[in-house]
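1. Got a predicted model here, sequence first, then my questions.
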Amino acid sequence: MFDASQYATLRAVVDRMIPVDDAPGGLDAEVDRYLLTLLQRETGLIPTYTAALTALQHEADIRHHQPFAALTPDQMDVILHDVAAGTTQAVWLTGAPAFVALLAEQCAEGFYADPRQGGNKDTISWRMVGFEERR
Amino acid sequence: MSYDAIVIGAGAGGGIIAALLAESGAKVLFLERGKSYTYSDEVTDHLRNHRLSQYGQNTGPGAGNPRVFVDQQGQSHVVQPHHGGYHNNAVAVGGGTPVYGGQAWRFLPDDFRMAARYGVPVGSSLADWPISYADMAPYYQRAEYEIGVAGDSALSAQVWPRAADYAMPPVPKTVRGQIMHEAATRLGWHNFTPPLLINSVARHGRSACTGCTLCVGFACHVDAKNGTHNTMIPRALATGNCTLLTEVHVLRINMHDAQRAAGVTYTDATGAQHTVQAATVVVSAGAVESARLLMNSASGDHPNGIGNHSDQLGRNLQGHMYPRAIGLLPDPVNDLQGPGVSVCTTQFNHGNADVIGGGMLADEFITLPIIFWKRFLPPEIPRWGAAAKEFMRYAYPRFVDITGPVQEIPSPDSRVTLDTNIRDRYGLPVARLSGTTHPESVRTSAFMFERAREWVEAAGVTRLWGKPPSLTLSASQHQAGTCRMGDDPATSVTNRDGQIHGISNLYVADGSTHVTNGGFNPVLTIMANAFRVGEKMLQRGR
Ligand SMILES: Cc1cc2nc3c(=O)[nH]c(=O)nc-3n(C[C@H](O)[C@H](O)[C@H](O)COP(=O)(O)OP(=O)(O)OC[C@H]3O[C@@H](n4cnc5c(N)ncnc54)[C@H](O)[C@@H]3O)c2cc1C
């Protein structure tokens, strides 16, 4: 579904959506794996993701002449905030602010929903917030 | 094949009617489009259940059953069952009941006489029920005992006149519930543990609730949630008089002549169609689908649908608006005690200055983290980055929320019609949902939002948020009103006994006949009314 550089960009944005602090972050919870699982079921979303990941790569290229995944966290955050605000420099075939909102929501799904959906590995987020599936 | 009765839809209302008829000796054909749904079928998906249906749900309906939702700009949208605009309730043996939360409210005496008490606002179809609380009281009690309600008898007896205690003691209070109980008490508000259709103790061969953390929206893992699926429907089947067919969809009701139904035509899972005759037909398909089925059964004598003699069928579609106030307490309060809802007040159901009616307020069922993220975050909190994560970590253990169903002021323009451009998998026009509730519902909701805020504030929160509901069509899980009962055929679809005016052997027994929907979750009233309608049918010799 994604080529290697799109996938690297995806992993990089997952890390910015839910960064590591003193608790594990989105990549530790395998939110990227959740997104791949989700897109296999919701195939209608694939074009949105591929177009947006490509556009993010272009943003990185225009601004820093580097792949998105090679940027510093601060550089990525500036780009993501700009994209969320609609102040993009690359051509976006898909609505830029709407994509950041969608990505934030679907990363939250991968982080906070049940591990059976592919993310929230070892119930990382539930241990962070104090939830447990107790029967 | 000919039966004494055909019951269409094995939900809250239908399950009760089928049992009463079968136990009286009638041969009943019981037709349900869903499957049996129990815990063994439950995959427990936090994104695909009846509390959060982000990409699907745990029961039906499946593919090929769209609806059309018309927004306030008049734009039509084809919607699938898990979309909000579909206004779905669960589709399974038991209807909504295998996955519901089970709040088990009686309506108050004034809920049956809203027009008499408040007058009729311009543009609204507010009306009194043809029956009173006193007529319903014995049937509420039957539902509380035969299906099984746990509640605080002493404290709720101060709110409703009641002849007997609940069948079981109330569920335990959570830490949050205790804090909110103390806050309400400081405000001088009468409050108590809400009645629930959940076994607080083992009963009738099924175990007690374990207090697990997955309740509303899911099947119960120890079968302690009481619905028609584990009480009345097994009773119906135990008589040997009732044939329950699942995954069959009733396509139309056939008429014998203008005044008498002949039976139904349904399709089975293979797509084969069957036409069956019966002396009596009962429609219990839920408020949206009952209206649609009656419209799709139009014939020469009933060109606009059966029961649509006065252009009333499908109108007055209503549910509940839910104002919600959320706050953060200084210390964690999350004890993971299910079912979770454990304190309520009926202080504001009636008698509020300047608004019509009101509603019950309560705390909430145990809330999954992803639901908190999607529905409860304050608008100003970022949705991504370090601050978003930090807020979840801080807020989830500390939040309290108060919400509740506001009594709707019905509008005749909030309605179900047929959309002949969009068809279901059987080629039938789908339900088209259009209009909004009456603006008075929004005013009452704004008032109730302030009461919810007041309650959360009184708990000593450090942060408080939420916003009052705006004008929308409202139906979904609490859908009601589309086959209004009344004494006057000019303004109603059925008579007070649920019989469609002018058709001697065709009844409606589900949320559709509600004239108004109370300031409470509706299912106990649907159940009580089904006991009442069933008893009337038996008195008439069916
Ligand atoms: C998650 C959830 C939580 C809820 N919590 C509460 C609560 O706490 N308290 C409360 O009071 N209420 C609650 N409800 C609402 C409650 O479940 C409904 O009010 C109730 O089930 C409605 O009863 P009914 O008889 O009108 O219809 P339903 O129970 O919806 O039954 C209708 C049945 O008819 C079937 N049907 C429809 N069309 C056809 C057809 N053409 N052929 C064959 N079969 C057909 C449907 O599949 C369905 O099973 C909740 C619902 C849900 C989903």
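-> Alright, I've got the coordinates. Numbering: from 1, shown residues only, chains lettered A, B, ... in the order given.
2. Isn't residue B:248 up against residue B:32?
-> Yes: taking C-beta atoms under 8 Å as the definition, residue B:248 is a contact partner of residue B:32 at 7.0 Å. C-beta: built from backbone N, CA, C; applies to glycine.
3. Kindly report the residues of the stretch 251-400 of chain B close to chain A.
-> B:332, B:334, B:336, B:368-370, B:372-374, B:383-386, B:388-390, B:392-393, B:396-397 (C-beta under 8 Å from any C-beta of the partner chain).
4. Now, of those residues, which are buried?
-> Those of these that meet the buried threshold are B:334, B:336, B:368-370, B:372-374, B:383-385, B:388-389, B:392-393, B:396-397, by 16 or more other C-beta atoms under 10 Å in any protein chain shown.
5. near the ligand, which of those residues show up?
-> Among these, not one lies near the ligand by C-beta under 6 Å from any ligand atom.
6. hang on, isn't residue B:486 packed against residue B:127?
-> Yes: Residue B:486 lies in contact with residue B:127 (C-beta under 8 Å); the separation is 6.9 Å.
7. Give me the common contacts of the two.
-> residue B:515 (C-beta atoms under 8 Å, 6 or more residues apart in numbering or on different chains).
8. Go through chain A and flag its longest helix.
-> Assignment by DSSP state H gives helix A:46-64 as the longest helix of chain A.
9. Output the next helix or strand after that helix as CSV - backbone C-alpha positions only.
-> Downstream of helix A:46-64, the next assigned helix or strand under DSSP states H and E is helix A:73-85. C-alpha atoms of helix A:73-85 as CSV (Å, rounded to 0.1, in the frame of the first residue of the first chain):
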residue,chain,number,x,y,z
PRO,A,73,11.1,16.5,15.6
ASP,A,74,10.8,20.3,15.8
GLN,A,75,11.0,20.6,12.0
MET,A,76,8.3,18.0,11.6
ASP,A,77,6.1,19.7,14.1
VAL,A,78,6.4,23.0,12.3
ILE,A,79,5.3,21.4,9.1
LEU,A,80,2.5,19.5,10.6
HIS,A,81,1.2,22.7,12.3
ASP,A,82,1.4,24.5,9.0
VAL,A,83,-0.4,21.7,7.2
ALA,A,84,-3.1,21.7,9.9
ALA,A,85,-3.5,25.5,9.4
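10. most centrally placed residue in the chain?
-> Looking at chain A here, since you left the chain open. The centroid of chain A falls nearest to residue A:14 when counting by C-alpha atoms, centre = their mean (3.3 Å).
11. I was after chain B.
-> residue B:478 (3.4 Å).
12. Check the burial of the nearest residue to that residue once chain neighbours are set aside by counting its neighbours.
-> Nearest non-adjacent residue to residue B:478, counting by C-beta to C-beta, 6 or more residues apart in numbering or on different chains: residue B:319, 4.1 Å away. Residue B:319 has 26 neighbours, counted by other C-beta atoms under 10 Å in any protein chain shown.
13. just checking, residue B:319 touches residue B:87?
-> Yes: with contact defined as C-beta under 8 Å, residue B:319 reaches residue B:87; the gap is 7.5 Å.
14. overlap in contacts of the two?
-> B:475-476, B:479.
15. Could you dump these into a markdown table and include pLDDT, secondary structure and distance to the ligand?
-> Listed next are the shared contacts of residue B:319 and residue B:87 as a markdown table, based on pLDDT from 0 to 100; DSSP: H, G, I helix; E, B strand; the rest coil; distance: C-beta to the nearest ligand atom, whole Å:
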| residue | pLDDT | secondary structure | distance to the ligand |
| --- | --- | --- | --- |
| B:475 | 96 | coil | 11 |
| B:476 | 96 | helix | 8 |
| B:479 | 98 | coil | 7 |
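16. Arrange these in a markdown table, one row each, with neighbour count and distance to residue B:276 as further columns.
-> What follows is the shared contacts of residue B:319 and residue B:87, written out as a markdown table (neighbours: other C-beta atoms under 10 Å in any protein chain shown; distance: C-beta to C-beta, whole Å):
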| residue | neighbour count | distance to residue B:276 |
| --- | --- | --- |
| B:475 | 28 | 30 |
| B:476 | 15 | 32 |
| B:479 | 30 | 27 |
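17. picking up where we left off before, among the buried ones among the residues of the stretch 251-400 of chain B next to chain A, name the ones in strands.
-> Taking DSSP state E, every one of those sits outside strands.
18. Now do the phi/psi pair for residue B:255.
-> Backbone torsions of residue B:255, given as degrees, to the nearest 10, read phi -100, psi 140.
19. What is the neighbour count of it?
-> As a burial measure, residue B:255 scores 20 neighbours (other C-beta under 10 Å).
20. most distant residue from the middle of chain B?
-> Within chain B, residue B:386 marks the point farthest from the mean C-alpha position, 39.6 Å out by C-alpha atoms, centre = their mean.
21. avg pLDDT for the lengthiest helix in chain B?
-> With secondary structure taken from DSSP H, chain B has its longest helix at helix B:439-458. The pLDDT scores in helix B:439-458 average 98.
22. Kindly report the same for stretch A:54-73.
-> On average, the pLDDT along stretch A:54-73 is 98.
23. for that stretch, how far is the first residue from the last?
-> End-to-end distance for stretch A:54-73, by C-alpha to C-alpha, to the nearest Å: 18 Å.
24. what does stretch B:489-508 give?
-> With C-alpha to C-alpha as the measure, stretch B:489-508 spans 15 Å from end to end.
25. Show the average pLDDT along it.
-> Mean pLDDT, computed over stretch B:489-508, is 98.
26. residues of that stretch that come out buried?
-> B:489, B:492-501, B:503, B:505-508.
27. With stretch A:60-72 instead?
-> By neighbour count on 16+ other C-beta under 10 Å, the buried set for stretch A:60-72 is A:60, A:63, A:68-69, A:71.
28. okay if I get the residues you listed as CSV plus distance to the ligand?
-> Converted to CSV, the buried residues of stretch A:60-72 look like this (distance: C-beta to the nearest ligand atom, whole Å):
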residue, distance to the ligand
A:60, 44
A:63, 47
A:68, 41
A:69, 42
A:71, 44
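29. Show me which pair in those residues is furthest apart.
-> By the measure C-beta to C-beta, A:63 and A:69 form the most distant pair in those, at 14.1 Å.
30. element containing residue B:252, please.
-> Short version, using DSSP H and E: residue B:252 is in strand B:249-257.
31. Mind giving me the packing neighbours of that strand?
-> The contact analysis (3 or more C-beta pairs under 8 Å, 6 or more residues apart in numbering or on different chains; DSSP states H and E) places strand B:249-257 against strand B:260-267, strand B:273-283, helix B:287-296.
32. just these: most buried one?
-> The highest average neighbour count among the helices and strands packed on strand B:249-257, using mean count of other C-beta atoms under 10 Å in any protein chain shown, belongs to helix B:287-296 at a mean of 27.
33. For the ligand, tell me whether that helix is touching it.
-> Yes: with C-beta under 6 Å from any ligand atom as the measure, helix B:287-296 is seen reaching the ligand through B:287, B:289, B:293.
34. the inter-axis angle of that helix versus strand B:273-283?
-> Helix B:287-296 runs at 120 degrees relative to strand B:273-283, counting by axes from the mean of the first three to the mean of the last three C-alpha atoms, to 10 degrees.
35. neighbouring contacts of the helix or strand following helix B:287-296?
-> Using DSSP H and E, the helix or strand that directly follows helix B:287-296 along the chain is strand B:324-328. Outside strand B:324-328, the residues that touch it by C-beta under 8 Å, 6+ apart are B:376, B:378, B:394-395, B:398-403, B:449, B:452-453, B:455-457, B:459, B:461-466.
36. Buried only: go through the residues you listed for me.
-> Burial by neighbour count, 16+ other C-beta under 10 Å: within the contacts of strand B:324-328 this picks out B:376, B:395, B:398-403, B:449, B:452-453, B:455-456, B:459, B:461, B:465-466.
37. where does chain B come near chain A, residue by residue?
-> Contact residues, chain B versus chain A (C-beta under 8 Å from any C-beta): B:43-47, B:54-55, B:210, B:212-214, B:221, B:332, B:334, B:336, B:368-370, B:372-374, B:383-386, B:388-390, B:392-393, B:396-397.
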